[in-house]
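1. Structure for the following, please:
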Amino acid sequence: MIEWARVEELRSEVGPENFPEVVALFLEETDAAMAALNPDAGPAKVRQALHFLKGAALNLGLRGVVALCRQEERCATCGSPIPFDFVALTDTYLRSRAELLAGLPDEIPGQIRNSASASSPVISR
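-> Residues are numbered from 1 along each chain as shown. So this is what the prediction gives:
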């Protein structure tokens, strides 16, 4: 689910000293985007939220999230009758986030590690 080459590319781009802060910022933003994503908001708002989430996920190497966002964006753009699968996106995001953090055990601050918990709005919908 994680494109580790992209994670290493990000580390190289921002420098090892800035990498933890950049990853933490991306995770805070993606957590907030997931919490704010409302499947009932209408196609334009959902498409906009998915586009933002896809961009952040691309930067973090979250392949599964990127793939689902692309699929859902295409469905929203073409007016497909296939309903938005919020549960699959949420599950994929949380699993990808956990895998990313597990692969970076000593680099990311504890408050970021623990911010997407079972009580989070990310998964309480």
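
2. Local confidence estimate at Ile123?
-> The model reports Ile123 with a pLDDT of 42.

3. neighbouring contacts of stretch 58-65?
-> 1-7, 10, 23, 26-27, 30, 53-54, 57, 66, 89, 92-93, 95-97, 100 (CB atoms under 8 Å, 6 or more residues apart in numbering). No exception for glycine: its C-beta is placed from N, CA and C like everyone else's.

4. now those: which count as buried?
-> Buried subset of the contacts of stretch 58-65 (neighbour count, 16 or more other CB atoms under 10 Å): 2-3, 6-7, 10, 23, 26-27, 30, 53-54, 57, 66, 89, 92-93, 96-97, 100.

5. So which of these belong to helices?
-> Judged by DSSP state H, the subset of the buried ones among the contacts of stretch 58-65 located in helices is 6-7, 10, 23, 26-27, 30, 53-54, 57, 66, 89, 92-93, 96-97, 100.

6. So what's the residue count around the nearest residue to Val7 once chain neighbours are set aside?
-> Take Val7 and drop its neighbours on the chain: the residue closest to it by CB to CB, 6 or more residues apart in numbering is Gly61, 4.7 Å away. For Gly61, the neighbour count with other CB atoms under 10 Å is 21.
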